[in-house]
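Student: sharing a sequence plus its predicted fold:
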Amino acid sequence: MKGYAMLKIGESGWIEKERPSCGPLDAICRPLAVAICTSDVHTLWEGAIGDRHNMILGHEGCAEVVEVGSLVKDFKPGDRVLVPAITPDWNSLEAQAGYSMHSGGMLSGWKFSNFKDGVFGEYFHVNDADGNLAHLPEGINTVDACMLSDMVPTGFHGVELADVQFGDTVLVIGIGPVGLMAVAGARLRGASRIIAVGTRKVCREAATFYGADEFVGYRDGSIEEQVLAMTGGKGVDRVIVAGGNCSTFESAVKSLKPGGKIGNVNYLGSGTYVNIPRVEWGVGMGHKQINGGLMPGGRLRMEKLGALVASGKLDVSPLATHVFNDFNDIEKALFLMRDKPADLIKPVVKLSD
C-alpha cells in the first residue's frame, strides 16, 4: 500500500508498505478523509517525539472498515466510522486507573504516527476496534468528521482540565483549531466571559462565532498585562492553553486568580523547561493549579461528541478552511499546515463524501 511518511526528522515522502494485518480484536480501515494537525508539523520538522524512520504520518480522519478481527462484535466491513486520534488499550491498568491515554506508558495511547503507522495511508490499523471506533452518525459529512478525531476532543479536554464552571471568566491562549474548540467548549460549559488570545483575522472571526467576547493580541504587549487591565486587576478564573510555547505558562499563571485553574492541551514541541513565575504562583502557595493532559480517546467520547455535532449543538464546519480532493494532496496539505498562511485554520483531504 501507499502512504505518506516521515523518512527522518525534516524529511518526508511517499513510500510503499505492506498492508497492516488484523488481530482478533482489531480493524483495518480505509480513510474517507484525513486532516493535518500541527502535531504532524512538530513531529516531522521539530523531532518533538524523537526520530522516526519511514513511519506513515497522520492521526486525524474518518474511515470505512474493510476488515475486522474474529472477536470484534460491533463493527463490520463497510461501516463508516469515526476514528479518534488516541486509541488506548482498554484492558490496561492505566485505563482502569482512569488514564487510558497513557495505557502502556506516558502518552502511549497516542499510537498513530507515534508508535505505529498513521492514517495517511491507503489502509491503517485500529487496535481494540470495539473500544476505539464509533459509528459515523447520519448527517455528518467526512470533512466535519475529521474534526472529531482530535480538534474537538482536545479543545474540550482543555475545558475539562481547567474545570470551567458556570459564570467563569475564561482566558483561551491560542485560537487555532484546538483553541477554537476550547472556546466552544467553554461556552457550552457556561462561561460568562471568554477572552481569546490570537491575531489572525480568520481565527478571530471563528472565535467570535464560537463565543469569544474579547481578544488579546500578543503583539500589543504582554498577555497578562492586557488581561489584568481588562479584569480590573483581578485576573481570570480559568486559563486554557492551546498554543504558544514553554514561556506561555508565565503569562497563564500571571493572568490567573488565586484558586484558579490552568488546563493545558498544547503540544510543547521544543524547549526543556516550563516557566512558572515564583511570586505570581503565590511563592508555591497560591492555589493556582496547572493541569496538562493528552485528550482521552475511545468510543464513548467519540459517540458523545458526534452526537453534539449531529444534533446541531456544535458546528465544526468553520474549521476546515482548505479542502483538497485527492489522496496525493496530503503532501500539499501538510506543507500548508507548516507554512500557516493567514487564511488557514485547518486543511482536510477529502476522499469520499
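Tutor: Looks like it arrived, so ask away.

Student: so where's this protein shaky on pLDDT?
Tutor: Along the chain, segments meeting pLDDT under 70 are nowhere present.

Student: got phi/psi on residue 339?
Tutor: phi -80, psi -20 (degrees, to the nearest 10).

Student: would you mind measuring from it to residue 349?
Tutor: In this view, residue 339 and residue 349 are 16 Å apart by C-beta to C-beta, to the nearest Å. No exception for glycine: its C-beta is placed from N, CA and C like everyone else's.

Student: who's more crowded, those two?
Tutor: A count of neighbours by other C-beta atoms under 10 Å puts residue 349 above the other of residue 339 and residue 349, at 28 against 9.

Student: does the more buried one count as helix, strand or coil?
Tutor: Under DSSP: H, G, I helix; E, B strand; the rest coil, residue 349 falls in the strand class.

Student: right, and it touches residue 60 too?
Tutor: No: look at residue 349 against residue 60 with C-beta atoms under 8 Å: they stay out of range, at 10.3 Å.

Student: who touches both of the two?
Tutor: Common contact partners of residue 349 and residue 60 (C-beta atoms under 8 Å, 6 or more residues apart in numbering): 34-36.

Student: in JSON lines: those, plus distance to residue 153 and neighbour count.
Tutor: As requested, the shared contacts of residue 349 and residue 60 are arranged in JSON lines below (distance: C-beta to C-beta, whole Å; neighbours: other C-beta atoms under 10 Å):
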{"residue": "34", "distance to residue 153": "16", "neighbour count": "33"}
{"residue": "35", "distance to residue 153": "13", "neighbour count": "30"}
{"residue": "36", "distance to residue 153": "17", "neighbour count": "27"}
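
Student: got TSV for these, with distance to residue 5 and secondary structure too?
Tutor: Formatted as TSV, the shared contacts of residue 349 and residue 60 follow (distance: C-beta to C-beta, whole Å; DSSP: H, G, I helix; E, B strand; the rest coil):
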residue	distance to residue 5	secondary structure
34	14	strand
35	17	strand
36	14	coil
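
Student: relative to residue 132, which of those is nearest.
Tutor: Distance to residue 132 across the shared contacts of residue 349 and residue 60 (C-beta to C-beta) is lowest for residue 34, with 16.8 Å.

Student: where do the helices sit along the stretch 201-350 of the chain?
Tutor: Assigned by DSSP state H, counting those that start in this stretch, the helices in the stretch 201-350 of the chain fall at 201-210, 223-230, 248-255, 299-310, 330-339.

Student: same list, those, but as TSV with distance to residue 164 please.
Tutor: Shown next, in TSV, are the helices of the stretch 201-350 of the chain (distance: least, C-beta to C-beta, whole Å):
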stretch	distance to residue 164
helix 201-210	14
helix 223-230	16
helix 248-255	15
helix 299-310	16
helix 330-339	28
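
Student: which of those is buried the deepest?
Tutor: helix 248-255 (a mean of 24; mean count of other C-beta atoms under 10 Å).

Student: and that helix, what does it pack onto?
Tutor: strand 169-173, helix 223-230, strand 236-241, strand 256-264, strand 289-292 (3 or more C-beta pairs under 8 Å, 6 or more residues apart in numbering; DSSP states H and E).

Student: between strand 169-173 and it, find me the angle.
Tutor: 160 degrees (axes from the mean of the first three to the mean of the last three C-alpha atoms, to 10 degrees).

Student: show me the contact partners of helix 248-255.
Tutor: So helix 248-255 is contacted by 171, 173, 222-224, 227-228, 235-236, 239, 241, 244, 262, 264, 266, 274-277, 280-281, 288, 290 (C-beta under 8 Å, 6+ apart).

Student: ok, and the closest non-adjacent residue to residue 28?
Tutor: With C-beta to C-beta, 6 or more residues apart in numbering as the measure, residue 67 is the residue that lies nearest to residue 28, at 4.1 Å, once sequence neighbours are left out.

Student: tell me the contacts of that neighbour?
Tutor: Residue 67 neighbours (C-beta under 8 Å, 6+ apart): 22, 27-28, 77.

Student: and what of residue 318?
Tutor: 180, 206, 209-210, 345.

Student: please enumerate the strands of the stretch 51-200 of the chain.
Tutor: Taking DSSP state E, counting those that start in this stretch as the test, the strands found in the stretch 51-200 of the chain are 55-56, 60-68, 80-83, 124-126, 134-135, 169-173, 193-197.

Student: let me know which of the ones you listed is the nearest to residue 93.
Tutor: strand 124-126 (21.5 Å).

Student: elements contacting the closest one?
Tutor: On a contact count with 3+ C-beta pairs under 8 Å, 6+ apart, strand 124-126 meets strand 27-35.

Student: of the contacts of residue 67, closest to residue 335?
Tutor: Residue 335 lies nearest to residue 28 out of the contacts of residue 67, by C-beta to C-beta, at 28.3 Å.

Student: how close does that closest one get to residue 63?
Tutor: 9 Å.

Student: settle it for me: which of these two has more neighbours?
Tutor: The neighbour comparison of residue 28 against residue 63 (other C-beta under 10 Å) goes to residue 63, with 29 against 21.

Student: any idea which of the helices and strands packed on helix 248-255 is most buried?
Tutor: Most buried of the helices and strands packed on helix 248-255, by mean neighbour count (mean count of other C-beta under 10 Å): strand 169-173, with a mean of 30.
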